[in-house]
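> Got a predicted structure here, sequence first:
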Amino acid sequence: MPAKEIAPKDIAPKDIAAPLLAWYDRAHRRLPWRAPPGANAADPYRVWLSEIMLQQTTVAAVIPYFEHFTSRWPTVEALAAAEDGDVLAAWAGLGYYARARNLIACARAVASEHGGRFPETEAALRGLPGVGAYTSAAIAAIAFGQRAVVVDGNVERVVARLFAVETPLPAARPQLRALADTITPGARAGDFAQAMMDLGATVCRPRSPDCLVCPLVVSCDSARRGIADALPAKTPKPPRPTRYANVYVLRDADEVMLVRRPPRGLLGGMLGLPMSEIADTPAPDNAHPGAPAAVRWTRSARPVTHVFTHFELHLAVFSGDLSGITKPSGDWRVANKSAARDLPTLFRKALDFVV
DNA sequence: GAACCGTGGAG
DNA sequence: TCTCCAAGGTT
């Protein structure tokens, strides 16, 4: 009989939480949305805002947006009172624009239905627009100190390695959540959640985990077996198809025509250049589907390529000038860098041809 | 469950 | 150049 085989089920909550929290106390990241050491509890508004921004988005990308938003709209009431277009323009470039639309809806719900204060329970938070299983648990734990099982991509990875779960994602998700539940302590709920995520981001990284400095290595089944780097397994993603569209840079003197996109779907609600429907094949040379006016269109030398999560878009960019013809209705802006800043990256790239 | 929804940085 | 993928949610 082997001498000290530690079965995964024998990992006790205190074997994880105590060393992890001790590590967190000395090694945690200093981030703008975290209360500074010794300060009072984190501001729920800032916790919520950061959690929405951090969905599928790197810390480095979020920081400047978080600073701008909290400077311009310091409270949830201020954000609730903002114009939709101003919030969407401030979000431009961060991606996943449904988050911005839900951000506005959520701020207004908190302002009008909750008296300007975020609800404090996971269940109540879960009912807010854009707040799902992860985010509701994270806010409950981080902003309100409640025990909640906070499972994001970091936690899935850390838990899969701790317990050497070899089932590939996403099928392993229920099991990983159940295992995370077993190691989640009741005390220091917010710190524990953030510690798991910091560990995942800085030590238990997706590639080349730094097991030598990991505070949990003595409990880690995959480290013991030398398979940490291979976990969690993932089912392969299907290849990304290539799709095509035309965009139109219509000029009138120093102005360029922009349009407000439909409220849902790709880049929904955002300001953009007039664009054709997205198709599986390029439009014929002399056809101009989606063109905002009947003028002479000049195709730019090179197409814009833009990669989305689920397809790669090849954009043919056409320039035209109204030269006296009546302006089509749209959002006409002076064509400069500040106008481009309000647009999703895709359109910024196309506008770079002319501004 | 699966498709849809952005972007930029790391390796 | 190319693949992976980051504090997910909605439909």
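Nice, I can see it. Numbering: from 1, shown residues only, chains lettered A, B, ... in the order given.

> okay, CA-based contacts and neighbour counts for the rest of this
OK.

> doesn't A:A160 fall inside a helix?
Yes. Judged by DSSP: H, G, I helix; E, B strand; the rest coil, A:A160 forms part of a helix.

> Can you list the residue ranges for strands in chain A?
A:242-252, A:255-260, A:271-272, A:298-299, A:304-307, A:312-321, A:331-334 (DSSP state E).

> For DNA strand B, find the nearest of these.
Closest approach to DNA strand B among those (C-alpha to the nearest atom of the strand): strand A:304-307, 5.0 Å.

> Relative to that closest one, what are the paired strands and their orientations?
strand A:312-321 (antiparallel) (DSSP bridges).

> on that earlier part again, now the strands of chain A in a markdown table, with mean neighbour count and distance to DNA strand C?
As requested, the strands of chain A are arranged in a markdown table below (neighbours: other C-alpha atoms under 10 Å; distance: least, C-alpha to the nearest atom of the strand, whole Å):
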| stretch | mean neighbour count | distance to DNA strand C |
| --- | --- | --- |
| strand A:242-252 | 22 | 12 |
| strand A:255-260 | 20 | 19 |
| strand A:271-272 | 24 | 20 |
| strand A:298-299 | 14 | 22 |
| strand A:304-307 | 16 | 8 |
| strand A:312-321 | 20 | 11 |
| strand A:331-334 | 16 | 27 |
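
> Export the ones you listed to a markdown table and append columns for distance to DNA strand B.
As requested, the strands of chain A are exported to a markdown table (distance: least, C-alpha to the nearest atom of the strand, whole Å):
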| stretch | distance to DNA strand B |
| --- | --- |
| strand A:242-252 | 11 |
| strand A:255-260 | 13 |
| strand A:271-272 | 10 |
| strand A:298-299 | 21 |
| strand A:304-307 | 5 |
| strand A:312-321 | 9 |
| strand A:331-334 | 19 |
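
> now those strands in a markdown table, with distance to A:L88?
A markdown table is the format used below for the strands of chain A (distance: least, C-alpha to C-alpha, whole Å):
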| stretch | distance to A:L88 |
| --- | --- |
| strand A:242-252 | 21 |
| strand A:255-260 | 11 |
| strand A:271-272 | 8 |
| strand A:298-299 | 29 |
| strand A:304-307 | 20 |
| strand A:312-321 | 22 |
| strand A:331-334 | 15 |
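
> how about the residues of the stretch 51-200 of chain A that lie near DNA strand B?
The stretch 51-200 of chain A has residues A:56-58, A:60-61, A:92-98, A:170-171 near DNA strand B, with proximity defined as C-alpha under 7 Å from any atom of the strand.

> A:A80 versus A:E113, what's the distance?
In this view, A:E113 and A:A80 are 12 Å apart by C-alpha to C-alpha, to the nearest Å.

> Which one's more surrounded, those two?
Neighbour count, other C-alpha atoms under 10 Å: between A:E113 and A:A80, A:A80 has more, with 22 against 12.

> What pLDDT is listed against the more buried one?
At A:A80, the pLDDT value in this model is 98.

> Now do the contacts for it.
Shown in contact with A:A80 (C-alpha atoms under 8 Å, 6 or more residues apart in numbering): A:104-105, A:107-108, A:111.

> Pull the contacting residues for A:A35.
A:41-43.

> Check the residues you listed for burial and list the buried ones.
A:42-43 (16 or more other C-alpha atoms under 10 Å).

> Was I right to think A:T121 contacts A:A141?
No. A:T121 is not in contact with A:A141 according to C-alpha atoms under 8 Å; the separation is 9.2 Å.

> Tabulate the strands of chain A in JSON lines, adding columns for mean pLDDT.
Converted to JSON lines, the strands of chain A look like this (pLDDT from 0 to 100):
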{"stretch": "strand A:242-252", "mean pLDDT": "96"}
{"stretch": "strand A:255-260", "mean pLDDT": "97"}
{"stretch": "strand A:271-272", "mean pLDDT": "98"}
{"stretch": "strand A:298-299", "mean pLDDT": "94"}
{"stretch": "strand A:304-307", "mean pLDDT": "95"}
{"stretch": "strand A:312-321", "mean pLDDT": "96"}
{"stretch": "strand A:331-334", "mean pLDDT": "95"}
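
> That'll do, ta.
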